[in-house]
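Peer 1: For reference, the sequence and a predicted model appear below.
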Amino acid sequence: MEASPQSPVEAPTIAFHHRVIAASVLAGLAIIGFFGNTLVIFSVITTKKLRTVTNILVVNLAIADILTCSSLPFQIAGLLSQTGSYPIPEIICAIVAGVGTTSICCSVSTLVAIGFVRWYVITRSIRGHQGLNTPKNIAKVVLFIWMESIALMIIPPVLGLGTLGYYRYYGLCTLTDTNPLASVFVIFQGSVIITALALTLTFYGLILRHVLQHNKQFRDKFADDKATGSSSAETQNNKASSSSSQDSRPPMIKAINQKEIEITKNVFTVVCLFMICFLAQSVNFLIPGISLFTLYGYMILMANSVVNPIIYGLKHPNFQEAFKRILCRRRRPLEHVSN
């Protein structure tokens, strides 16, 4: 008769060794992500060539990742708890759950914004995209992203769709397992993330289509000019006399587009890895019930916090040079970082 009161506490928990594995991985991600994203922000602030409009969104992504990494030690405390309850006051766990929900939503929304800005810059004229692609306008976008993320974290619990707190089965600070409507909030989160990722892919698909069309038009124009130029010597002489006015524009347009395309390639690599991290857990959110995969899916989801600095450290020459100078503590001014 004495065993029955203990069974509700002991039964609904994931095996402790799985929680230890997840806690160990999260600890590594917290250290790497916090240090790496701080390095990204410091590089943009101190390096003149990195103070671009697009990098405002990159910094915003890094700030969201730092918030996520800062909350992971509190998640580790819950994972390693063997008492069936959160070892720190429950209000701390609720705050951690809110911060995690907000930062993940902010990361996803920032990816959509980056995709949209890249599409606008690539597909519109240089004169056209400067109207949108300015620090003031991008700052407004960043403000909207945070307001939206905070609203999506606050409104569902206020409406009774889930309660932020300690989920005893997983040992995580997310939604408590005491609210029967928590699954509605989880499905809503999954739907928001998948919709955002679909929009991001759409923007990059439009960029790809535009680049292919642009390259085809450029090749066709070059072929026509070459055929026309070889028809007669007079045409070549006339062409030579007006080369200063006609030939200066196409190379300029080509160079600008190449630069933007290279930036887009680097950002798209980051987006692809973010999608890998988000997609597994998003799909899992849409499937009702509890499973071990949710814990490991959460672990993969948190890995998105280290993607940003690693990719920029490996692929972006300006970030590479800035990282080296910061880490090596060279005294040469960072404003002189070159391509």
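Peer 2: Good, I have the coordinates.
Peer 1: the bottom helix or strand of the protein by mean pLDDT?
Peer 2: Using mean pLDDT, DSSP states H and E, the weakest-scoring helix or strand in the chain turns out to be helix 7-10, at a mean of 45.
Peer 1: what does stretch 291-309 rub up against?
Peer 2: Residues outside stretch 291-309 that contact it (CB atoms under 8 Å, 6 or more residues apart in numbering): 14, 18-19, 22, 25-26, 29, 32-33, 36-37, 39-40, 58, 61-62, 65, 68-69, 72, 104, 107, 170, 172, 174, 270, 273-274, 276-278, 280-281, 284. Any C-beta I mention is one placed from the backbone N, CA and C, and that applies to glycine too.
Peer 1: How far does that stretch stretch from one end to the other?
Peer 2: Stretch 291-309 has an end-to-end distance of 31 Å (CA to CA, to the nearest Å).
Peer 1: For it, buried residues please.
Peer 2: 294-309 (16 or more other CB atoms under 10 Å).
Peer 1: hmm, back to that, got a quick PyMOL command for the buried subset of the contacts of stretch 291-309?
Peer 2: Per 16+ other CB under 10 Å, the buried members of those correspond to this PyMOL selection:
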select buried, resi 14+18+19+22+25+26+29+32+33+36+37+39+40+58+61+62+65+68+69+72+104+107+170+172+174+270+273+274+277+278+280+281+284
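Peer 1: can you map out the helices along the stretch 51-200 of the chain?
Peer 2: Assigned by DSSP state H, counting those that start in this stretch, the stretch 51-200 of the chain shows helices spanning 53-79, 90-123, 126-129, 135-158, 182-229.
Peer 1: ok so, going back, and which of the buried residues of stretch 291-309 is nearest Asn137?
Peer 2: Checking these against Asn137 with CB to CB, the nearest one is Asn308 at 22.3 Å.
Peer 1: and the angle from the helix or strand containing the closest one to helix 90-123?
Peer 2: Element membership for Asn308 (DSSP states H and E) is helix 307-315. Counting by axes from the mean of the first three to the mean of the last three CA atoms, to 10 degrees, helix 307-315 lies at 40 degrees to helix 90-123.
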